[in-house]
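Trainee: Got a sequence here, can you model it:
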Amino acid sequence: MRAPRGLGCLAVAVLAAALCACTSSGQGSRSASAAATPHATANVQDVPAVGTCWDVPPEEALVATYWNDDSSPVPCTASHTTETVFAEHVDQVDPEGAIASFGRFCALKASEYVGAGRQWVPVHAALYLPSDAQMASGQSWVRCDVGLATGPRTSEARVLASSLANAATSQRATVWACLDSLEGWEQARWVSCAEPHAYETSGRLLVVENADPRPGAARLAVAAAVCDKDVRKSLVAEAVWEPEPIDDILNGSCWVHRADGRKLPPLE
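Mentor: Below you'll find the model as predicted:
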């Protein structure tokens, strides 16, 4: 599943120890040369507030190269695509410095904000920098937003109408991952978990270390055996693996479905 700016594999792994050993590779535009410096205190009045929702265009919200955002804040009850989970003043506006200083932290804060705990849910973390106009007015910050994609391998953001704060427990059907088929993963789109669906994630993240080159089927089958811990009566579990390891770690996720092929009931 593609994650923005390399901030989270499997759309933000929720285990700090796993975190997919992610490194960030986004290339920003209109950047300065100096690295971002965390924990500065100047211009704090201009730093976006946690819980602010933004109407970032869906086709840009989760794209790796979309940095200097000039979208307007909107009420979280209105249509929006991202929500700020962390923001801080920096001495210089610089994508590479922002990634180095805040990349992993942003992924963790996104997961923490939605209340995922030790479960895997397909949230995305994205870093943003001020727009040209904001920089011209003296603003210098980096903000970390959380969003949801429309599918496991797309950068198009879902349009939301409520806050994602603690949504993993209060709006489980909104943030949980559900599909009608595990085939055609590249083109798949999430289906509503609030409606009957064929597959849903169990919330378990699979992590295989020392995975370069990619492990063979036998080793993956052993690693996927833990998926069976998540099944209930009449359900079976399957594992879906990322195509390639990242930094010597291969990630996967566990999915459950009915043994008889009937659809699962809506999540509450």
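Trainee: next SSE after the helix ranked longest in the chain?
Mentor: Criterion DSSP state H: the longest helix present in the chain is helix 95-113. Next along the chain after helix 95-113, taking DSSP states H and E as the criterion, comes strand 123-128.
Trainee: Show me what counts as buried in the helix or strand just after that next one.
Mentor: As assigned by DSSP H and E, the chain's next helix or strand after strand 123-128 is helix 132-136. For helix 132-136, the neighbour count (16 or more other C-beta atoms under 10 Å) marks 134, 135 as buried. Placement of C-beta: from N, CA and C, glycine included.
Trainee: Please state the offset of helix 132-136 from the chain centre?
Mentor: With C-alpha atoms, centre = their mean, to the nearest Å as the basis, helix 132-136 stands 27 Å off its chain's centre.
Trainee: now stretch 135-154
Mentor: 12 Å.
Trainee: May I see the buried residues of that stretch?
Mentor: 135, 139-149, 151-152, 154.
Trainee: Just the ones of the residues you listed in helices?
Mentor: residue 135.
Trainee: If we only consider the buried residues of stretch 135-154, which is nearest to residue 80?
Mentor: The closest of the buried residues of stretch 135-154 to residue 80 turns out to be residue 147 (C-beta to C-beta; 9.0 Å).
Trainee: how about the closest one, what does it touch?
Mentor: 56, 61, 62, 81, 82, 83, 123, 124, 126, 157, 158, 160 (C-beta atoms under 8 Å, 6 or more residues apart in numbering).
Trainee: if I look at it, how far off is residue 193?
Mentor: As judged by C-beta to C-beta, to the nearest Å, residue 147 and residue 193 stand 17 Å apart.
Trainee: And residue 52, by the same measure?
Mentor: 26 Å.
Trainee: before we move on, what about residue 140?
Mentor: 40 Å.
Trainee: Wait, residue 90 touches residue 99, no?
Mentor: No. In this structure, residue 90 is not within contact of residue 99 by C-beta atoms under 8 Å, at 11.9 Å.
Trainee: Between those two, which is the more surrounded one?
Mentor: Neighbours were counted for residue 90 and for residue 99 using other C-beta atoms under 10 Å; residue 90 has more, 27 against 24.
Trainee: In the stretch 101-250 of the chain, where is pLDDT below threshold?
Mentor: Counting by pLDDT under 70, the stretch 101-250 of the chain contains no low-confidence range.
Trainee: quick one: buried residues of the strand or helix carrying residue 222?
Mentor: Taking DSSP H and E as the definition, residue 222 sits inside helix 217-224. Neighbour counts over helix 217-224 (16+ other C-beta under 10 Å) mark 220, 223, 224 as buried.
Trainee: Kindly report the same for stretch 243-255.
Mentor: 245, 246, 249, 250, 251, 252, 253, 254, 255.
Trainee: Need those residues in TSV (columns: distance to residue 237 and secondary structure).
Mentor: Formatted as TSV, those follow (distance: C-beta to C-beta, whole Å; DSSP: H, G, I helix; E, B strand; the rest coil):
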residue	distance to residue 237	secondary structure
245	22	coil
246	24	strand
249	21	strand
250	18	strand
251	16	strand
252	12	strand
253	11	strand
254	6	strand
255	7	strand
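Trainee: Can you tell me which of the residues you listed is nearest residue 235?
Mentor: residue 255 (10.2 Å).
Trainee: what is that closest one paired to in the beta sheet?
Mentor: Note on residue 255: beta-bridge partners by DSSP bridges are residue 201, residue 238.
Trainee: wouldn't it be in contact with residue 198 here?
Mentor: No. The criterion here is C-beta under 8 Å, and residue 255 misses it with residue 198 at 9.5 Å.
Trainee: Which residues are in contact with each of these two?
Mentor: residue 179.
Trainee: Quick one: residues in contact with stretch 167-175.
Mentor: 114-117, 119, 121-123, 148, 160, 162, 164, 176, 192-194, 266-268.
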